[in-house]
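Enquirer: Below is the structure, and that's it, no one-letter string:
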Ligand code: ADE
Ligand code: ZN
């Protein structure tokens, strides 16, 4: 099964590029940019990655991002991640970036996006991965800051597929950003939002009804509202679930408590993703393996999850079909028992 998962064609739809910063690269960039880190070694950084909830992670994550200063830094970060994708058979990537994490420190929006974009173009060709970029607004900041970010993005509109909403969920409901998302939609962006990770099911309703989110990032707390579960199933609204993130941030204490298998069996369009792999101790394949083992998922269920990843993407119908054909071909030629 491990081998089957490793070679299965997959899509990744919930990945924060800043969350791919491995401690080794963090140290190298700190040295290059003459930044002092509050850690003596790579081992000390890894030891600090013990989280009690979302905020305890975000504090360390925003601190780590401070080593990213120059366009080359964003390029190197993105390139390093694409190299990791190549050996995991991830064929399509939709990744988040958080401009405000950088513009608030005086790094220009253009520096951030040019570095990421050029690595996606060059690395995508080199490693055979298609990609789409989603710009997230930090929900702990105010509406004006999000509106400024939308304005900064204007010259780069053609490089950005959609907008999203991330950072500390508690106390920062989607309704706070309704006007920002209205404007983004007018400008042609696709809309997604983190909701129902730590926040209540009502935040998922708000993301759907007020922000017109086409996909919900995380969304696992939907199961607290049966009417919402029915709606997600009937409308086939995708949830980009991140299992190892959820256990690392104590949304679930153990993987065997995770609801992804149940939601899948109930017919929801759930997908498997890695969120911030450098911080949560696992790449995309590790996420598939972890849920397969803990929830005893069948081969058919693993394949369905991979199919859902392509179905839930922002690829065109033709592009989706060609990835799904490759997936079907793989399944036909790689039968596994179980
Ligand atoms: N930013 C990076 N990872 C995140 C997560 N899991 N939830 C909210 N914001 C994030
Ligand atoms: Zn996330």
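Expert: Looks like it arrived, so ask away. As the structure is a computational prediction, the values presented were derived from the model and not from experiment. Ligands and ions are numbered 1, 2, ... in the order given.

Enquirer: what residues does stretch 249-267 touch?
Expert: Residues from elsewhere that reach stretch 249-267 (Cβ atoms under 8 Å, 6 or more residues apart in numbering): 51-54, 57, 197-198, 218, 220, 222-223, 229, 233, 239, 241, 243, 245-247, 270, 272, 280, 290-291, 293-297, 301, 304-305. Every C-beta, even on glycine, is put in place using the N, C-alpha and C of the backbone.

Enquirer: Strands - which of the residues you listed land there?
Expert: When those are checked against strands (DSSP state E), the matches are 218, 239, 241, 270, 272.

Enquirer: can I get those residues in CSV with distance to ligand 1 and neighbour count?
Expert: Listed next are the ones in strands among the contacts of stretch 249-267 as CSV, based on distance: Cβ to the nearest ligand atom, whole Å; neighbours: other Cβ atoms under 10 Å:
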residue, distance to ligand 1, neighbour count
218, 7, 27
239, 13, 28
241, 11, 30
270, 16, 27
272, 14, 29
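
Enquirer: Helices of the stretch 151-300 of the chain, residue ranges please.
Expert: With DSSP state H, counting those that start in this stretch as the criterion, the stretch 151-300 of the chain has helices at 178-186, 201-209, 226-235, 243-248, 260-265, 277-280, 284-295, 299-311.

Enquirer: Can you go through the contacts of stretch 249-267 and name the buried ones?
Expert: Neighbour counting over those (16 or more other Cβ atoms under 10 Å) leaves 51, 54, 57, 197-198, 218, 220, 222-223, 229, 239, 241, 243, 245-247, 270, 272, 280, 290-291, 294-295, 297, 301, 304-305 as the buried ones.

Enquirer: picking that back up, for the ones in strands among the contacts of stretch 249-267, give me JSON lines that also has pLDDT.
Expert: Converted to JSON lines, the ones in strands among the contacts of stretch 249-267 look like this (pLDDT from 0 to 100):
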{"residue": "218", "pLDDT": "98"}
{"residue": "239", "pLDDT": "99"}
{"residue": "241", "pLDDT": "99"}
{"residue": "270", "pLDDT": "98"}
{"residue": "272", "pLDDT": "98"}
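
Enquirer: check contacts around the residue of the stretch 101-250 of the chain found nearest ligand 1.
Expert: Residue nearest to ligand 1 within the stretch 101-250 of the chain (Cβ to the nearest ligand atom): residue 166, separated by 3.5 Å. Neighbouring residues of residue 166 by Cβ under 8 Å, 6+ apart: 16, 96, 98, 136-139, 194, 217.

Enquirer: What about those, which are in strands?
Expert: 16, 96, 136-138, 194, 217.

Enquirer: Give me the distance between the closest residue to residue 7 other than its chain neighbours and ligand 1.
Expert: The shortest distance from residue 7 to any non-neighbouring residue, by Cβ to Cβ, 6 or more residues apart in numbering, is to residue 89 (5.5 Å). Residue 89 sits 24 Å away from ligand 1, going by Cβ to the nearest ligand atom, to the nearest Å.
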